[in-house]
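Engineer: Requesting a structural model of the entry that follows:
(chains A, B, C and D)
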2 protein chains.
Amino acid sequence: MNIADQIYSATDSATQDRAQAIRDQLRDAIVDRRLAPGTKLSEGEVGTLFDVSRTVARAALQMLSFEGLVRTERNRGAFVANPSPEEARQVFASRRLIEPGIAIAACGRVTAADIAAFKAQLDEEGRFIAERGPNARRSEIKASGDFHLLLAAVAGNAILQRFMEELVARSSLVIALYGRSGISACGHSEHTEIVGALGSGDCGLASRLMLHHIDHIEADLDLRVRAGPALREALNF
Amino acid sequence: MNIADQIYSATDSATQDRAQAIRDQLRDAIVDRRLAPGTKLSEGEVGTLFDVSRTVARAALQMLSFEGLVRTERNRGAFVANPSPEEARQVFASRRLIEPGIAIAACGRVTAADIAAFKAQLDEEGRFIAERGPNARRSEIKASGDFHLLLAAVAGNAILQRFMEELVARSSLVIALYGRSGISACGHSEHTEIVGALGSGDCGLASRLMLHHIDHIEADLDLRVRAGPALREALNF
DNA sequence: TCTACACAAATCGTATGCAATCTTTTTTGC
DNA sequence: GCAAAAAAGATTGCATACGATTTGTGTAGA
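Structural biologist: Okay, the predicted model is just below:
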């Protein structure tokens, strides 16, 4: 069982229907920025693409709409979400509220095996940062999110874990839209510090480091309304 | 616009399809304990009851399943959720983590009109406590949850507000299953204290009061595994 | 040339039908 | 009488069909 499986096991263990599989693939595509914000996802197109009927495609899109990754308009269709600056702020405000607590919970339950998993995760992050190129960049963003999901999994609260999955996914969208530079190297070192705090059992430190880490990520965003997105939103509504 | 509309405006403003309306009615029924945990909700039954096709009923049940209020089993059907003691603990652990922060956020944004709405909400709670009888008891539980939802609405973060809607709804289920006595009077006075702290702008106090309030609610639960629910679960699985 | 209206194309919302799967009952063999 | 197998019944999973709504296009009139 690799790390990715471990992270998603809570939601995917009982993968019953094909709709969930399609949702997962679409979510990965959105998080990896292969699907740009605003892209139209028509039921028929998704259906033929995955070789299922519109019924199943519709269910998958509905799930993504619940997660906030897709916006649906009646009789118009589904579109990859285009979060406004205000939504972006709310995403990070939520993370600032939840993640320090998750860090404390994880710190209280972390095992040696978990630490090993974190180390493997950090190595993977490092590899993607070392590589350069668009594909590595995508993998890097995803790996960075996976760190936070792994932490949530270790914390052992399935409800908070699901909240975090949603927040991390939406953060990817926000960073795609408003991200300024590569926060990657900085983020990676901060991840390493957090794992260090977990390993030494300093829960308060882990919590504080996490809070600063989120602040740093958000500080890298440029949430001023720009002509491009503003115009698009004006046209969409 | 009454208080209930205000609370749910974030999710219901653009009520597009009938599935959402059905979901809301079913959710109210579950939260009000008119539908007991474990009750079977077959697609056909729900469809005929609301006079829609199975397609629409299915969508409504899927939504409730995302919220954790309904559990679906492949080729078996949907059932009102029967949260385990562990799930119950996770619900309250999540609330302990999130709600003090919500209280602080709400405290920083609360207006005079909000305070008036809180007062009206408290009055309504008081009325239901004064009345006795099963219907009043139901309304009382619902009103108590609405207080927390109103607070989340005032906090002004749509994402956290949705998380709270889910947590409050699941809490109702947990209290229905594991609640020991009437925490109501105690809870009502604590709500009043929190509103007092909000009114005087003491955000730290509001946050601490909220944390204690959640602890008190949880302390009233009897989370030891009992024969009844265990047997039911054994029969369901 | 520009505007307004009408028609055509595309897409969604919903109902219904069939196949697959699970549960229950009946039948059969011991 | 009891256990096991088989058939019947019920319910979901999924595909498809049709109507409704929206969007885009072309044409007629000013």
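Engineer: can you list the residues of chain A near chain B?
Structural biologist: Chain A comes close to chain B at residues A:16-17, A:55, A:59, A:62-63, A:66, A:68, A:74, A:87, A:90-91, A:93-94, A:97-98, A:101-102, A:105, A:157-160, A:163, A:167, A:170, as judged by CB under 8 Å from any CB of the partner chain. (C-beta placed from N, C-alpha, C; glycine too.)
Engineer: residues near A:A136, how many?
Structural biologist: 15 (other CB atoms under 10 Å in any protein chain shown).
Engineer: how much space between it and A:G126?
Structural biologist: According to CB to CB, to the nearest Å, A:A136 and A:G126 sit 11 Å apart.
Engineer: do the same with A:G187
Structural biologist: Distance from A:G187 to A:G126, by CB to CB: 11 Å.
Engineer: Those two: who's more crowded?
Structural biologist: A count of neighbours by other CB under 10 Å puts A:G187 above the other of A:G187 and A:G126, at 20 against 16.
Engineer: contacting residues for the more buried one?
Structural biologist: A:144, A:213, A:216-217 (CB atoms under 8 Å, 6 or more residues apart in numbering or on different chains).
Engineer: Pick the one among those residues closest to chain B.
Structural biologist: A:I217 (16.3 Å; CB to the nearest CB).
Engineer: Might you report the residue contacts of the closest one?
Structural biologist: By CB under 8 Å, 6+ apart, A:I217 lies in contact with A:92, A:171, A:175, A:183, A:187.
Engineer: Most neighbours of all those, which one?
Structural biologist: A:S171 (27 neighbours).
Engineer: how far away is the residue of chain A most remote from its centre from A:E43?
Structural biologist: Largest separation from the mean C-alpha position in chain A: A:N75, at 28.7 Å (CA atoms, centre = their mean). For A:N75, the distance to A:E43 equals 12 Å [CB to CB].
Engineer: do the same with A:V52
Structural biologist: Counting by CB to CB - A:V52 and A:E43 are separated by 10 Å.
Engineer: What is the burial count for the closest residue to DNA strand D within chain A?
Structural biologist: Distances between chain A and DNA strand D by CB to the nearest atom of the strand are smallest at A:S53, namely 3.1 Å. A total of 13 residues lie near A:S53 under the criterion other CB under 10 Å.
Engineer: Name the residue of chain A that lies nearest to DNA strand C.
Structural biologist: A:G77 (3.1 Å).
Engineer: In TSV, list the contacts of A:I217 along with secondary structure.
Structural biologist: Shown next, in TSV, are those (DSSP: H, G, I helix; E, B strand; the rest coil):
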residue	secondary structure
A:F92	helix
A:S171	helix
A:I175	helix
A:I183	coil
A:G187	helix
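Engineer: who touches the spatially closest residue to A:S42 that is not a sequence neighbour in this structure?
Structural biologist: If the residues on either side of it in the chain are set aside, A:S42 comes closest to A:G77, at 5.1 Å by CB to CB, 6 or more residues apart in numbering or on different chains. Contact analysis of A:G77 by CB under 8 Å, 6+ apart lists A:40-43.
Engineer: got it, and A:F128?
Structural biologist: Contacts of A:F128 by CB under 8 Å, 6+ apart are A:136-137, A:139-140, A:143.
Engineer: hang on, the earlier thing: what residues are up against the residue of chain A closest to DNA strand D?
Structural biologist: A:G47.
Engineer: re earlier: tell me the pLDDT at the residue of chain A closest to DNA strand C?
Structural biologist: As predicted, A:G77 sits at a pLDDT of 93.
Engineer: and it, backbone torsions?
Structural biologist: phi 130, psi -170 (degrees, to the nearest 10).
Engineer: Show me what it bridges to in the sheet.
Structural biologist: A:E73 (DSSP bridges).
Engineer: Pull up the gap between it and A:E67, please.
Structural biologist: Per CB to CB, A:G77 is found 17 Å from A:E67.
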